[in-house]
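Chemist: Here is my input, please return the structure:
(2 chains)
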Amino acid sequence: DVKVTQSSRYLVKRTGEKVFLECVQDMDHENMFWYRQDPGLGLRLIYFSYDVKMKEKGDIPEGYSVSREKKERFSLILESASTNQTSMYLCASSKRGGASTDTQYFGPGTRLTVL
Amino acid sequence: GQQLNQSPQSMFIQEGEDVSMNCTSSSIFNTWLWYKQEPGEGPVLLIALYKAGELTSNGRLTAQFGITRKDSFLNISASIPSDVGIYFCAGGRWGSSNTGKLIFGQGTTLQVKP
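Modeler: Okay, here's the model as predicted:
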């Protein structure tokens, strides 16, 4: 079974703090994704990575950065957290190659609150 | 970003009833996926469809990849209270894009009355 884990289920941070969200997958997947999910706005792609040290901007990258130093780990960084970054953050991964490229598996999510 | 048209937005049904929801798009996809998300959790993959016309079942769930490649539907038969959640469709374009990026529907919220 594919397993995607996220470092925290719930996180409370203060405005201006630097925040790290960690995601680890155990299925040797090349592709990894970070989304945020807000009521009425659905799932929005922040960044994705298709290989170690590779990253590409998604639809809403402003205020975020990412790091992929190892294949199994993809980190989302909020350089200076703001209240409008309060959200549910979801990590996902997929295996590159054929139709499995599109088959994303999600982690349990991190509910981040910025005060 | 682009989103798929998913309907209905919400459903409130009696236990035992069948449920049907669908997703449509103006453009074609090579993959259709259906996910379920329970409150406070991440989406869980229910069914993946990779071929136009494909009909796939997973227990009481059945999903189909539309012949035009622009739509998909999900049916749940004999609903039970644990079917409660938000169901998302997603479309992918592997083959024309190798990034694995998906386009998501807005979700169908399902509530089941015991």
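
Chemist: just checking, A:Asn31 touches B:Trp94?
Modeler: No: contact status for A:Asn31 versus B:Trp94: not in contact, 10.6 Å apart, counting by Cβ atoms under 8 Å. No exception for glycine: its C-beta is placed from N, CA and C like everyone else's.

Chemist: Those two: who's more crowded?
Modeler: A:Asn31 (26 against 22; other Cβ atoms under 10 Å in any protein chain shown).

Chemist: Can you tell me the element the residue most central in space within chain A falls in?
Modeler: The centroid of chain A falls nearest to A:Trp34 when counting by Cα atoms, centre = their mean (2.6 Å). Using DSSP states H and E, A:Trp34 sits within strand A:31-38.

Chemist: what's that strand in contact with?
Modeler: With Cβ atoms under 8 Å, 6 or more residues apart in numbering or on different chains as the test, strand A:31-38 has contacts from A:21, A:23, A:25, A:43-50, A:58, A:60, A:64, A:66, A:68, A:74, A:76, A:87-96, A:101, A:104, A:109, B:99-101.

Chemist: can you tell me which of the residues you listed are in strands?
Modeler: Residues of the contacts of strand A:31-38 located in strands (DSSP state E): A:21, A:23, A:25, A:43-49, A:66, A:68, A:74, A:76, A:87-94.

Chemist: What about chain B: which of these touch it?
Modeler: Checking the ones in strands among the contacts of strand A:31-38 against chain B by Cβ under 8 Å from any Cβ of the partner chain, the ones in range are A:Leu43, A:Arg44, A:Leu45, A:Phe48, A:Leu90, A:Ser94.

Chemist: Please identify which residue in chain B comes closest to chain A.
Modeler: Here the residue of chain B nearest chain A is B:Gly92; by Cβ to the nearest Cβ that distance is 2.8 Å.

Chemist: Tell me what that residue is bridged to.
Modeler: On the basis of DSSP bridges, B:Gly92 is bridged to B:Thr31, B:Leu102.

Chemist: wait, doesn't it sit right on B:Ile28?
Modeler: No: in this structure, B:Gly92 is not within contact of B:Ile28 by Cβ under 8 Å, at 11.1 Å.

Chemist: which intervals of chain A have sub-threshold pLDDT?
Modeler: Along chain A, the parts satisfying pLDDT under 70 run over A:2.

Chemist: Check the gap between the closest residue to chain B within it and B:Ser96 for me.
Modeler: Here the residue of chain A nearest chain B is A:Asp102; by Cβ to the nearest Cβ that distance is 2.8 Å. Using Cβ to Cβ, to the nearest Å, A:Asp102 is found at 11 Å from B:Ser96.

Chemist: Could you do A:Ser100 as well?
Modeler: A:Ser100 is 16 Å from B:Ser96, by Cβ to Cβ.

Chemist: Tell me which of the two has more neighbours.
Modeler: Taking neighbours as other Cβ under 10 Å, A:Ser100 and B:Ser96 compare with A:Ser100 leading, 17 against 9.

Chemist: what's the nearest residue to that one if we skip its chain neighbours?
Modeler: A:Ser94 (6.5 Å; Cβ to Cβ, 6 or more residues apart in numbering or on different chains).
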